[in-house]
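[1] build me a model from this:
(2 chains)
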Amino acid sequence: METKHGTPAVMDQVDQRFLPFILPVRTGTPVTFPNSDSIAHQVYSFSPAKRFELGLYRGRPHPPVVFDKAGIVVIGCNIHDKMVGYIYVTDAPYFGKTNAQGEWRNEGVAPAEYTLEVWSPLLARDEPGLRRSLVIDDALPNDVVIRLTRPVQQEPVTQTDRKARDY
Amino acid sequence: MRSAVVGARRVTKVRRLCLTLVALGCVVACVTSEAAKVAGHELIVEVDMRAVAVDSSLDSFTEGGLGLLRFDEDHEGLQLGRIMLDASGPLTETLRYAVIANATDDGDQNPIDLTEGYLDYRPYPSSAWRWRARAGAFYAPISLENRGIGWESIYSLSPSAINTWVGEEMRTIGVEVTSTSLGRQSDRSFDLSLLGAAYKWNDPFGVLILQRGWGIHDRQTPLFGDLPRPLIRKPDVRTIEVFDEIDDRVGYYVGAEMRWMDDSLVRVMHYDNLGDPGDFTAQEPAWHTRFDAIGARVELAHDISLLAQVMLGDTEFGPQGTGSGMFVLEYWSYYVLASQRLGAHRYSVRYDRLYTDIERGASIMINRQNAAAWTAAYMYNVDDHWQLAVEALQISGSLSQRVRVHLPAEAEERQLQLAVRWSF
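    Numbering: from 1, shown residues only, chains lettered A, B, ... in the order given. Predicted structure coming up:
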């Protein structure tokens, strides 16, 4: 999942939830925040890597927000405190998101010495082994297995009961 | 002196009617304004019709009786649950309004009246502590059940005894400030909120729980409405004007909440209306009511929810010239509720325990309630507009003040309700 410079990535809002929950982008990538719900949302972040506010809206009236600094940006809605999303802004040459099985594959990585970093807000903060050195050899496929010592948390639930609207 | 009091009451009623008309005007303006809809204004109207069967020898408290249910044997068959209007929307980028009106068609002062109306200020968070302030008339965040539109329980038709009482006699008419430390913004697995409020117009708070004890039903007392007095002491004071200011004192509550990512939460609150029960110059003196409330909701696998709330407090009343009240009523209640949601269907069962007793002045007055209740409910969201619900409720136990009106203290009351709700 590599996003080219200049092509906007998308973090949608569906059923009072940011979709995707985690969006990795390269530094400098613009991201649009359409609202596909029938109710209005108010998107903001005060993370050091990007501070912004998108005034109350439905649909897609706002221009993309450019994430120009590497770091983790926590996205929230000012009306619905339960809504949360994460934009992982990185300078890394290769990055992506794991699939449902927890795997991520990347073809054609140039042979070199790399640092591999794994991040998720759903992992325990002191989980060991999430950052390690890695030498990529041209000859063989390189499999790296990271075994978590604790289970991954569930993504936060949103309003599962249509009748509930306590925000 | 007497005519002055009556005059004041008349003025109050005219003012109430005007306020209600203004509020309804706002609602109508929202309905008719297409431009308003675009700007994020929402209007929800719900019509709730009931088929009711009751097995109880007591008159409902809504008729001035000492029954604990909303309906009695004179009010079976087709009944109006309520018509509810809920209008909300932005006034500015960070200021919203909410107006909620109810009609219950049971002879209250106004055919339709407000239950809540407030402004909600939510500035954009600039740190992990976010602020929110509400001003107007609204429910304090005690109930874990009443999470639906118009303060409706999402688990059953009738909320627990604790939240029934909140709907009957309690409203914050004032200002509430909440500060929340957002867990996701500070790498923690839960949000922590602290809140405080200052309010007036809650001085007769306690009359109903003294006279009738805890009840279980979904009728919310409107802001400008009143309730018939189950036990009449003064012939010219036949109703309870629930949201009234008598002693000019400001009450408060403070609370805290921890809420985890999966929506499980724990809440605590201390409430004290700081009423002055010693002022016996007033026609209806103030009541000094205070309580502690604690509640927890746990969300488990398979969409199973467990809820429990406890409330424990007292109310002091009856001026005697010494500055303190002649009587103190102690009360407590708790409930446990288990609920499972299966798609559009929800099944819930709840056990309520109800208790009141006179702590000071028991030689003159005995008002003791010792009862328990079971509620079973099934709710089905047919689609975005229609909901069906069935609820069976049984309350059994004693209420000693029934003896004063020549009824047995012990009673068993049963009520079966089928509700059809339509909203748009």
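[2] which residues touch stretch B:122-131?
    Residues from elsewhere that reach stretch B:122-131, judged by Cβ atoms under 8 Å, 6 or more residues apart in numbering or on different chains: A:42, A:44, A:46, A:53, A:76, A:78-79, A:81, B:94-96, B:132, B:177-182, B:185-186. For every residue, glycine as well, the C-beta is placed using N, CA and C.
[3] now with 6 Å, please.
    Applying Cβ atoms under 6 Å, 6 or more residues apart in numbering or on different chains, the contact partners of stretch B:122-131 are A:44, A:46, A:53, A:78, B:94, B:132, B:179-182, B:185-186.
[4] quick check, B:F327 in contact with B:E359.
    No: with contacts counted by Cβ atoms under 6 Å, B:F327 stays clear of B:E359, the gap being 8.3 Å.
[5] of those two, which one has the most company?
    The neighbour count for B:F327 versus B:E359, taken as other Cβ atoms under 10 Å in any protein chain shown, is higher for B:F327 (20 against 14).
[6] bridging residues for the more buried one?
    B:F317 (DSSP bridges).
[7] show only the entries of the contacts of stretch B:122-131 found in strands.
    Judged by DSSP state E, strands contain the following of the contacts of stretch B:122-131: A:44, A:46, A:53, B:132, B:179-181.
[8] buried ones among the residues you listed?
    A:44, A:46, A:53, B:132, B:180-181 (16 or more other Cβ atoms under 10 Å in any protein chain shown).
[9] out of those, what pair is the most spread apart?
    Pairwise distances across these (Cβ to Cβ) peak at 19.8 Å, for the pair A:E53 and B:S181.
[10] number of nearby residues for B:F190?
    Going by other Cβ under 10 Å, the residues that sit close to B:F190 add up to 17.
[11] ok, now B:T178?
    Neighbour tally, B:T178, other Cβ under 10 Å: 18.
[12] phi, psi of the closest residue to it other than its chain neighbours?
    Ranked by Cβ to Cβ, 6 or more residues apart in numbering or on different chains and with sequence neighbours excluded, the top spatial neighbour of B:T178 is B:L195, at 4.1 Å. Phi and psi for B:L195, reported as degrees, to the nearest 10, are phi -140, psi 160.
[13] ramachandran angles for B:S400?
    phi -60, psi -30.
[14] ignore the last one, B:T104
    Dihedral angles (degrees, to the nearest 10) for B:T104: phi -120, psi 0.
[15] next: the one 4 residues further on.
    With angles defined as degrees, to the nearest 10, B:D108 sits at phi -70, psi 170.
[16] wait, it sits on B:G225?
    Yes: here B:D108 lies in contact with B:G225, judged by Cβ under 6 Å, at a distance of 4.3 Å.
[17] out of the two, which sits in the busier spot?
    B:G225 (24 against 21).
[18] quick one: contacts for that one?
    B:108-109, B:113.
[19] ok, B:E73 next?
    B:V54.
[20] re earlier: hey, what's the residue nearest to B:T178 bridged with?
    Beta-bridge partners, per DSSP bridges, of B:L195: B:T178, B:G255.
[21] burial of it, as a residue count?
    If we define neighbours as other Cβ under 10 Å, then B:L195 has 21 of them.
[22] that one and B:Y121, how far apart?
    14 Å (Cβ to Cβ, to the nearest Å).
[23] cool, B:R414 as well?
    45 Å.
[24] tally of neighbours for residue 152?
    Using chain A. 12.
[25] chain B, not that one
    26.
[26] kindly report the same for the one 10 residues further on.
    Other residues near B:I162 come to 25 when the count uses other Cβ under 10 Å.
[27] am I right that it is in a helix?
    Yes: under DSSP: H, G, I helix; E, B strand; the rest coil, B:I162 falls within a helix.
[28] so how far is B:R353 from it?
    10 Å.
[29] about what we covered before: wait, which of the buried ones among the ones in strands among the contacts of stretch B:122-131 is closest to B:Q211?
    B:R132 (36.1 Å).
[30] quick one: that closest one from A:R60, how far?
    For B:R132, the distance to A:R60 - Cβ to Cβ - is 27 Å.
[31] next one, pLDDT for B:A36 please.
    Reported pLDDT at B:A36 in the predicted model: 45.
[32] for the stretch 101-250 of chain B, just list every one of the helices.
    Secondary structure of the stretch 101-250 of chain B (DSSP state H, counting those that start in this stretch): helices at B:161-169, B:207-211.
[33] out of those, point me to the one whose mean pLDDT is lowest.
    helix B:207-211 (a mean of 94).
[34] just the residues contacting that one, thanks.
    B:168-169, B:230-231, B:240, B:329, B:331, B:367.
[35] same question, stretch A:102-122
    Under Cβ under 6 Å, 6+ apart, the answer for stretch A:102-122 is A:86, A:94, A:96, A:98, A:130-136, A:138, A:152-153.
[36] go through these and name the one nearest chain B.
    Taking Cβ to the nearest Cβ as the measure, chain B lies nearest A:Q153 of the contacts of stretch A:102-122, at 6.9 Å.
[37] what about that closest one, is that helix, strand or coil?
    With three-state DSSP as the criterion, A:Q153 reads coil.
[38] repeat for B:V268
    B:V268 is classified as strand under three-state DSSP.
[39] for it, list each beta-bridge partner.
    B:A256, B:I294.
[40] near it, how many other residues are there?
    B:V268 has 14 nearby residues by other Cβ under 10 Å.
[41] likewise B:Q185?
    Based on other Cβ under 10 Å, the number of other residues close to B:Q185 is 22.
[42] give me the nearest residue to it, chain neighbours excluded.
    B:A128 (4.5 Å).
[43] stretch A:73-88 near chain B anywhere?
    Yes: using Cβ under 6 Å from any Cβ of the partner chain, stretch A:73-88 reaches chain B at A:74, A:78, A:84.
[44] if we take these, which one ends up nearest to B:Y253?
    The nearest one, if we look at these relative to B:Y253 and count by Cβ to Cβ, is A:N78, at 25.1 Å.
[45] close enough to count as contact, the closest one and A:H41?
    No: the criterion here is Cβ under 6 Å, and A:N78 misses it with A:H41 at 8.2 Å.
[46] check contacts around residue 49.
    As the question left the chain open, I've gone with chain A. A:69, A:71, A:73, A:89.
[47] let me rephrase: I mean chain B.
    Here B:M49 is in contact with B:V420 (Cβ under 6 Å, 6+ apart).
[48] circling back: nearest to A:P34 among the contacts of B:G225?
    Closest to A:P34, out of all of the contacts of B:G225 and judged by Cβ to Cβ, is B:D113, at 40.4 Å.
[49] name the nearest residue to that closest one, sequence neighbours excluded.
    B:P222 (3.3 Å).
[50] can you give me the strands for chain A?
    A:9-10, A:12-13, A:18-19, A:22-26, A:29-32, A:41-47, A:50-57, A:65-67, A:71-77, A:84-90, A:113-117, A:131-135.
[51] strand partners (parallel or antiparallel) of the third one?
    This points to strand A:18-19. With DSSP bridges as the test, strand A:18-19 pairs up with strand A:12-13 (antiparallel).
[52] show me the contact partners of the partner strand.
    A:19, A:34-37, A:41.
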